[in-house]
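Engineer: got a sequence here, can you build the structure:
(chains A and B)
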Amino acid sequence: MQGLKRLGLGIAAMLASFGVRADYSWNFPEPATPMALDTLHVHNKFMMITMVIFVVVLSIMIYSIFSHRKSKNFKPVEDKAPSTFVEIFWTLIPFAILLLIDFVIMGIPAYHSVVMMEDTRNEAKMVIKITGSQWRWQYEYLDGDAKGVKFVSNLTTPKEQTDKGFQGVKNKDYLLEVDNHLVLPVGEKVRILMTSADVLHNWWVPQFGSSRVAVPGFIRETWVQVDKAGTYRGQCKELCGKGHGYMPIVVDALPMAEYKAWAASKLEEQAKASAGADKEWTKEDLIAEGKGVYEKNCAVCHQITGAGVPGAFPALTGSKIATSPIFGEDGKYLPDSHLDRVLNGKNVMPSWKATLNDTEIAAVITYERNALGNSVGDLVQPAKVKAARQ
Amino acid sequence: MSTSTVLDHDEHADHPSGIMRWLTTTNHKDIGTMYLTFSLIMFFVGGCMILGIRAELFKPGLQLMNPEFFNQLIGVHALIMIFAALMPAATGFANWMIPLQIGAPDMALPRLNNWGFWLLPPSAILLTLPFTLALFGIGDGALATGWTFYPPLSVQGGIGVDFAIFAVHLLGISSVLGSINIIVTLFNMRAPGMTLMKMPMFCWGWLITAFLLIATIPVLAGAVTMLLTDRHFGTHFFDAAGGGDPIMFQHLFWFFGHPEVYILLLPVWGFIPQILETFSRKKMYGYKAQVYSLWAIGALAVVVWAHHFFTAGMPVPALLYFMYSTMAISLPLAVLFFCWIKTMWKGSMSFETPMLFTVGWIILFGIGGLTGLVLADVAADAQYHNSYFVVAHFHYTLFAGGIMGIMAGTYYWLPKMTGHMYSEKLGKLHFWLTAISFNLTFIPQFFLGLAGMPRRIPDYALQFAEFNMISSISAFVLGLSQLIFVYNIVTCAKGGKKATDQVWEGANGLEWTLSSPPPYHSFSTQPTIK
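Structural biologist: Have a look, this model is predicted:
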């Protein structure tokens, strides 16, 4: 018994020492949206209620454990059947208390939270579309100042930091950092349409309090209204394959003016990129461009060397698809050709039609055919990809 | 049959010896022992898998395995713990104790019983075989979708999914056979005078479990078969492009999956009050109220399934319905808790190992139940869902509520089964180590979930590091403590202090009227209950 007490004290001291650490959190992170604030209140309230129930019931039991012991020679008392009236009374009272807790004290605020959470349309100022895919998020602005802005958001934590035996200092936002942040205006209600390109994903930023599954072939809705400028981070919350832990979400909430400036610059950038699709590219430029696209999007499965993973992901080096002709006599791409596979996907291979632009697709195909141990020698012009989309 | 009407009791005990005894046995105690042994072995197999995961999660960065293998371990760990450890343990107790408790010579359908058990080892092999095949370059390993098989990920997956689908089919058939046997036994073979409302509580818990299994296993079998045809025969049940819906799978799966939780817990809710009355030396309080509550929980179990995927999107009325119906489960559960505590109240308690486990069980299962109540709230669930909060919650219900309950039952009935007393000292040590390390494993996970760590990720952001480390260390202590359990069981089976027939001073019921261990055939003449 003495040993146990000492152990208990040790554990208490250990827990207390954790408590003083600043980056420790014992509750939801600081809410940034009305929904998250509401969720935090609901959570705190329910935790208090259940804690009270727990402590009251537990103390009754512990009292009994300490008093009604055989070692204290306590003689068992036989329970007598109560009169019907007493029985009904003592059944109905606890039932009434529980019903009150469940369906009034907890049930009514829960009702209002649900209604608020599901009201995605009223007063929504803008609409964005989020598409989950293995293993990255794609964002598209459907109206407002940034209408037409569309980009993919990839993890930027260097691969070596995740590997075994990495001795250096990991990035501050290890596994929670991406190249293109989703940018939202502060204080505006944003309606979010959610879908997926392949399997189920779940877009979750803890400080926003909203979480919705992205279902392929269906549109799901949620909304956020970020009330404080800042950067917010989250992760995919639905198991979606081997990259599930590697598709974070980063959202920048900017004041309206800065948001507008961002939208304008992003639109300009996109216009430039699409102009690039119409020009004639050299093979060297395409290969150089394609290397970056490959390493960001394809290497996760086909590996950086193109060797693939036997049994799971085919090798590109020497593969039939990456070495056989792309275009037929009529100038159209052949079924099961390299371009067909990248554009439309097959089985585990996703379709990149919506994710990559014409230049990126042309570049990555050219790269795969002329690097990674392949030397087919041909190239694909972005204009051809543009034509192939029609 | 016509020649010898009077057979000596012992002639029935003639049976093959060695391995043939176990392969061909139709004896309820032999089959029960096999179920329990199988369960204990698989408990360690599943446990080793989760220790691999906890080792990987010890600190940020990938230490031991790649994400593909990590995903395989989490799903197979869950399937093994649920279908191959927890359910067979409950079925093992049912086989051993139901005939003894109702004064029957054996189960009603002994050959079916044998088949029910022998389906289990092949299905365990099917589940784990892809790990081995992958070593020889065949396929890419076991099921990597988590135990829930959600499409389209499971449609995309490798041969591990097919193996798991067939394993689930076999496990399902085994469970349904066991359930039929239990229902037939309980309805037909009770001793004269034992009306349904005089049946021991464990039998009640199992009767309702059996009905739930028969109602829901076919739905699971149907769902995974649809998945199989989606994978190989070009159907589109769960593919929007062909007019299907991936979320329909979740509805079908959880129509089975939620009752499954109660399937795992109802047998425990059955014997926990029996342990309480034994060690409180006092009759169980509120027998009728408990029976009605078990039925109420059984009924509610099949109408609340969608609370497992609130975030998948459904209409507001559906969200509200599933939220309120889930909260309603707290009513019958509160009745049970009240009855358990009232049974202890003003008893004359002593705290042998089974009682320690039971008291610990009430507290920890209480935490699991109360966190379940807050999880029912749709708004808060958006945060809890698929985070470590949920992981902690369901381990409080299934490890504390399930496995620690089974441990209480094991210590309670072990002297009856083996005829020897186990070491009380080691039993108590096992309890304290289990209870403390269990809490230190899972309390940090509540906080991890609140802070925003999703489940099923092989690597995590730096702010989650400390809690994960505490959880991993405690998980290893928890795992190692279970070796005491095995040692205690094995030494008790081999020998030790002889157990009396009644074993426990306060034990009541037919199983305690037989010798310890009971004769090979339990009751040749049925006792009469007044």
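
Engineer: for the stretch 101-250 of chain B, what lies in contact range of chain A?
Structural biologist: B:134, B:137-140, B:144-146, B:150-153, B:156, B:158, B:239-241, B:245-247 (CB under 8 Å from any CB of the partner chain). Bear in mind the C-beta positions are built from the backbone N, C-alpha and C, glycine included.

Engineer: which among these end up buried?
Structural biologist: B:134, B:139-140, B:144-146, B:150-153, B:156, B:158, B:239-240, B:245-247 (16 or more other CB atoms under 10 Å in any protein chain shown).

Engineer: show me where pLDDT drops low in chain B?
Structural biologist: Within chain B, the stretches with pLDDT under 70 are B:1-14.

Engineer: and the residue of it that's closest to chain A?
Structural biologist: B:Ala240 (2.1 Å; CB to the nearest CB).

Engineer: check contacts around that residue.
Structural biologist: A:215-218, B:246 (CB atoms under 8 Å, 6 or more residues apart in numbering or on different chains).

Engineer: just give me the residue right at the centre of chain B.
Structural biologist: Note on chain B: the residue nearest the mean C-alpha position is B:Leu86, at 2.9 Å, using CA atoms, centre = their mean.

Engineer: Three-state assignment for residue 226, please.
Structural biologist: Since no chain was named, I'll use chain A. coil (DSSP: H, G, I helix; E, B strand; the rest coil).

Engineer: surely it touches A:Leu182?
Structural biologist: No - taking contacts as CB atoms under 8 Å, A:Val226 lies outside contact range of A:Leu182: 10.5 Å.

Engineer: without its sequence neighbours, what residue ends up closest to the residue of chain A found nearest chain B?
Structural biologist: Chain A approaches chain B most closely through A:Gly217 (2.1 Å), counting by CB to the nearest CB. Nearest non-adjacent residue to A:Gly217, counting by CB to CB, 6 or more residues apart in numbering or on different chains: B:Ala240, 2.1 Å away.

Engineer: give me phi/psi at that neighbour?
Structural biologist: phi -60, psi -30 (degrees, to the nearest 10).

Engineer: for the one 5 residues further on, same thing?
Structural biologist: Here is the backbone geometry of B:Asp245 (degrees, to the nearest 10): phi -150, psi 120.

Engineer: same question, B:Ser350
Structural biologist: Dihedral angles for B:Ser350 - degrees, to the nearest 10 - are phi -130, psi 160.

Engineer: which residues touch it?
Structural biologist: So B:Ser350 contacts A:69-71, B:279, B:505 (CB under 8 Å, 6+ apart).

Engineer: mind doing that once more with 10 Å?
Structural biologist: A:69-71, B:278-281, B:504-506 (CB atoms under 10 Å, 6 or more residues apart in numbering or on different chains).

Engineer: in the sheet, who's paired with A:Ser153?
Structural biologist: A:Trp137 (DSSP bridges).

Engineer: can you give me the helices in the stretch 201-350 of chain A?
Structural biologist: Using DSSP state H, counting those that start in this stretch, the helices assigned to the stretch 201-350 of chain A run over residues A:256-276, A:283-297, A:299-302, A:320-323, A:338-344.

Engineer: redo those helices as JSON lines? Include mean pLDDT.
Structural biologist: Putting the helices of the stretch 201-350 of chain A into JSON lines (pLDDT from 0 to 100) gives the following:
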{"stretch": "helix A:256-276", "mean pLDDT": "89"}
{"stretch": "helix A:283-297", "mean pLDDT": "87"}
{"stretch": "helix A:299-302", "mean pLDDT": "85"}
{"stretch": "helix A:320-323", "mean pLDDT": "87"}
{"stretch": "helix A:338-344", "mean pLDDT": "89"}
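
Engineer: so what's the residue of chain A closest to chain B scoring on pLDDT?
Structural biologist: If you check A:Gly217, the pLDDT there is 93.

Engineer: cool, A:Val309 as well?
Structural biologist: At A:Val309, the pLDDT recorded in the model is 82.

Engineer: ok, now how distant is it from A:Ala371?
Structural biologist: Applying CB to CB, to the nearest Å, the value for A:Val309 to A:Ala371 is 19 Å.

Engineer: any idea which helix is longest in the chain?
Structural biologist: In the absence of a named chain, this looks at chain A. For chain A, the longest helix by residue count, based on DSSP state H, is helix A:34-67.

Engineer: should've been chain B
Structural biologist: Secondary structure of chain B per DSSP H: the longest helix is helix B:246-280.

Engineer: in the helix or strand following that helix, which residues are buried?
Structural biologist: Along the chain past helix B:246-280, the next helix or strand (assigned with DSSP states H and E) turns out to be helix B:287-301. If you call a residue buried by 16+ other CB under 10 Å, then helix B:287-301 has these buried ones: B:287, B:289-291, B:293-294, B:296-298, B:300-301.

Engineer: ok, of those residues, which one's closest to B:Phe523?
Structural biologist: For the buried residues of helix B:287-301, the minimum distance to B:Phe523 (CB to CB) is 22.9 Å, reached by B:Tyr287.

Engineer: make sure the closest one is actually in contact with B:Gly270.
Structural biologist: No - assessed by CB atoms under 10 Å, B:Tyr287 is found out of contact with B:Gly270, at 11.8 Å.

Engineer: please consider this matter closed, and thank you.
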